[in-house]
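Trainee: here are the coordinates; sequence isn't available:
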């Protein structure tokens, strides 16, 4: 268990911090929503078993530990799609504390901020309370900023709220010695080819790049030096094609989301965490 003083932040969000070899964390728990569950990034050869950036980060850390002759990393993922921040903090964070890991990633709030009446300052206060609990237990914490949605004609409506939330995240990290995954600063994620057809969740390549960004946020060197490089530009698509794609997206994804919201239901209702126990990370996965 790490024992860093929670009142200082010598490394909060500092990507230039010299990486340790092997990574000092022996156990890692991810909590959050669909982003950390890994939606739209199924393991190769499967459809239902989601991977995502948190699983990839665990594998990167595990490989580095084993290569350096250290014991394998143990990993659990408690994230459930559709969860709002209060649910994540009230249900998943206590479960993570019971597992007594060295590192916990707490990433949430996106489902709240999509609502126009979201109280971002309240979200930040709740998040900080959870970070204090984890840091007081000697656990390192990785948070994440929200994405920069400036190129989305619909999601960009949330951009001011995301900006305020991000400022809170950096301040919380500074006050309590936490790490930050800077999603806002990942310019490659502003390319729509990094996003799945629902325009809310990342593609496998997007998750892969976020895992590299998480390594950097933790003060580790990335495995792929080109993790932030943008994709080659494409020629602009015809206006009519874009209109058809937008109409299809509204029918297939936006309307069902709005209907669930009106009914007070969630895509995660009835679901349980995909990996609730701390188990050694397999270094190769089919």
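Mentor: Perfect, I can see it now. Note that this is a predicted model, so its numbers are computed, not measured. Residues are numbered from 1 along each chain as shown.
Trainee: Okay, and residue 278 sits in which element?
Mentor: Using DSSP states H and E, residue 278 falls within strand 275-280.
Trainee: ah, wrong one, I meant residue 133
Mentor: Per DSSP H and E: residue 133 is located in helix 120-136.
Trainee: Run the chain-centre distance for that helix.
Mentor: Per CA atoms, centre = their mean, to the nearest Å, the displacement of helix 120-136 from the mean C-alpha position of its chain is 16 Å.
Trainee: cool, stretch 266-285 as well?
Mentor: Relative to its chain's centre, stretch 266-285 lies at 15 Å (CA atoms, centre = their mean).
Trainee: cool, stretch 196-208 as well?
Mentor: 12 Å.
Trainee: Give me the contacts around that stretch.
Mentor: Here stretch 196-208 makes contact (CB atoms under 8 Å, 6 or more residues apart in numbering) with 34-35, 38-41, 51-53, 56, 152, 154-155, 189, 192-195, 210, 224, 227, 249, 252-253. The C-beta positions use only the backbone N, C-alpha and C, and glycine is treated the same way.
Trainee: Quick check: buried residues in it?
Mentor: By 16 or more other CB atoms under 10 Å, the buried positions in stretch 196-208 come out as 196, 199-204, 206-208.
Trainee: Please apply the same query to stretch 114-133.
Mentor: 114, 118, 120, 123-124, 126-128, 130-133.
Trainee: do stretch 70-83 as well
Mentor: Within stretch 70-83, the residues that count as buried by 16+ other CB under 10 Å are 72-83.
Trainee: what's the span of it, first residue to last?
Mentor: End-to-end distance of stretch 70-83 (CA to CA, to the nearest Å): 35 Å.
Trainee: quick one: what helix or strand has the residue of the chain most remote from its centre in it?
Mentor: Distance to the chain centre peaks in the chain at residue 240, reaching 34.3 Å (criterion: CA atoms, centre = their mean). Element membership of residue 240, judged by DSSP H and E, is helix 239-249.
Trainee: Report the mean per-residue pLDDT for that helix.
Mentor: Average pLDDT, helix 239-249: 66.
Trainee: change the start of the numbering to 8 and stick with it
Mentor: Renumbered: residue one is now 8, and that last one reads helix 246-256.
Trainee: circling back: remind me what the helix holding residue 140 packs against, helices and strands.
Mentor: Here helix 127-143 touches helix 92-94, helix 100-106, strand 110-114, helix 117-120, strand 147-151, helix 166-183, going by 3 or more CB pairs under 8 Å, 6 or more residues apart in numbering; DSSP states H and E.
Trainee: Kindly recompute the last result at 7 Å.
Mentor: helix 92-94, helix 100-106, strand 110-114, strand 147-151, helix 166-183 (3 or more CB pairs under 7 Å, 6 or more residues apart in numbering; DSSP states H and E).
Trainee: Next, the angle helix 166-183 makes with that helix.
Mentor: Interaxial angle, helix 127-143 versus helix 166-183 (axes from the mean of the first three to the mean of the last three CA atoms, to 10 degrees): 30 degrees.
Trainee: Which residues outside helix 127-143 are in contact with it?
Mentor: Contact with helix 127-143 is made by 13, 92-93, 96, 100, 104, 111, 113, 116, 119-120, 148, 168, 171-172, 175, 179, 183-185, as judged by CB atoms under 7 Å, 6 or more residues apart in numbering.
Trainee: List buried residues within the residues you listed.
Mentor: 13, 92, 96, 100, 104, 111, 113, 116, 119-120, 148, 168, 172, 175, 179, 183-185.
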